[in-house]
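[1] Got a sequence here, can you model it:
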Amino acid sequence: LNYMISINDIKKLREETGAGIADCREALEKSKNFSLAVTFLKNKGIEKAAKKEGRDTSSGLVFSYVHAGKIGVLVALACETDFVTKTDAFLNLGKEIALQVASMNPKNTAELLKQEYIRDTKLTIGDMIKEVIGKLGENIKVDGFNRLTI
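    Down below sits the predicted model:
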């Protein structure tokens with residue numbers, strides 16, 4: 001069977017994964033199936049993230065989260081450029097990591113990165129960060145966090 005790649009397939013895959021048009025086309029050509037193409041792109045993003053791990057992260061933001069007025073969290077999320085700090089993917093990542101810290105109370109950053117993500121237990125926080133690195137093309141790391149109980 002020949003798998004015909006349509007513009008709509010590429011558009012749908014791009015919307016779901018955030019990958020570029022050329023990457024979406026390549027994934028569909030190699031995978032010959034939409035769900036396998038999603039997996040292909042996730043793996044490609046993890047590979048890209050591994051290549052960027054050593055790069056300097058001198059920009060970033062501090063995210064705050066307060067739960068029921070009793071738990072407060074600050075998370076420092078670092079990246080390479082201030083341009084990335086303005087993207088929806090980076091902003092959402094920071095919010096989700098702050099929520100994770102509030103909910104799961106990790107002892108340190110290493111423990112946080114190994115924790116299952118509370119909204120999708122198939123992913124760890126570290127995996128989630130690698131996916132965003134793959135989408136944005138910049139190194140991103142958790143520089144630290146504080147969790148306070150009032």
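
[2] Just confirm residue 10 is within a helix.
    Yes. Using DSSP: H, G, I helix; E, B strand; the rest coil, the assignment for residue 10 is a helix.

[3] tell me the contacts of it?
    The neighbours of residue 10, taking Cβ atoms under 8 Å, 6 or more residues apart in numbering as the test, are 21, 24-25, 28. Backbone N, C-alpha and C define where each C-beta goes, glycine included.

[4] tell me which of these is nearest to residue 6?
    Of all these, residue 6 sits closest to residue 28, with 9.1 Å by Cβ to Cβ.

[5] didn't that closest one look like it was pressed against residue 37?
    Yes. At 4.9 Å, residue 28 counts as touching residue 37 under the criterion of Cβ atoms under 8 Å.

[6] and the two? which has more neighbours close in?
    residue 37 (28 against 22; other Cβ atoms under 10 Å).

[7] Wasn't residue 66 part of a helix?
    No. Counting by three-state DSSP, residue 66 is located in no helix; its state is strand.

[8] Number of residues surrounding the closest residue to it other than its chain neighbours?
    Of all residues not flanking residue 66 in the chain, residue 72 sits nearest, at 5.1 Å (Cβ to Cβ, 6 or more residues apart in numbering). Residue 72 has 16 neighbours, counted by other Cβ under 10 Å.

[9] Show the pLDDT at residue 72.
    Looking at residue 72, its pLDDT stands at 96.

[10] and if you look at residue 138?
    For residue 138, the predicted pLDDT is 89.

[11] try residue 2
    59.

[12] Equivalent analysis for the one 10 residues further on, please.
    The model reports residue 12 with a pLDDT of 86.

[13] gap between it and residue 34?
    Relative to residue 34, residue 12 is positioned 7 Å away (Cβ to Cβ, to the nearest Å).

[14] before we move on, what about residue 132?
    22 Å.
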